[in-house]
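Visitor: Please work out how this folds:
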Amino acid sequence: MTSERVDPDGELLWEEFHRVVNMTSEELRVWLLTDASDEEAFRPGPSLGAAELGRKVLHVLGKRKVDLTDDDLATMRATIEFVEDHAEGPAEDDRRRHALMSVGHDPLRP
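Guide: Predicted coordinates for the structure are as follows:
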């Protein structure tokens, strides 16, 4: 999808991805760096140790629509599916919230 035009399906996917990923790239990066994100947190050194999907979400957030690759589109689909699969549950469930935040979705945001 590296042409200067985005197909309609890619456009819809972009919009849906940015709807479910309601944290900025900076917020997500900071979240992944915190101990609060449990064993999925970044560790110092060459191996970041972050959740693979969270790192991929950060990568996609840094791109323009026209620069998306097939891998980026797969990441966007996986993120949407993950958020939809984990969206239901009590708001006070910290474990669920932390998992969602690790892919850029804070369920406490409107």
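Visitor: you'd agree M23 is up against S102?
Guide: No. Applying Cβ atoms under 8 Å as the test, M23 and S102 come out as separate, 10.0 Å apart. Bear in mind the C-beta positions are built from the backbone N, C-alpha and C, glycine included.
Visitor: what residues do these two have in common as contacts?
Guide: Residues touching both M23 and S102 by Cβ atoms under 8 Å, 6 or more residues apart in numbering: W31.
Visitor: Just want to know which of the two has more residues nearby.
Guide: S102 (22 against 19; other Cβ atoms under 10 Å).
Visitor: ok, the more buried one to V30 distance?
Guide: Distance of S102 to V30, given as Cβ to Cβ, to the nearest Å: 12 Å.
Visitor: does T79 sit in a helix, a strand or a coil?
Guide: The three-state label given to T79 by DSSP: H, G, I helix; E, B strand; the rest coil is helix.
Visitor: Output the below-cut-off pLDDT ranges for this structure.
Guide: 1-4, 35-51, 91 (pLDDT under 70).
Visitor: Off-centre distance for stretch 64-80?
Guide: Put simply, stretch 64-80 sits 11 Å off its chain's centre (Cα atoms, centre = their mean, to the nearest Å).
Visitor: This completes my enquiry, with thanks.
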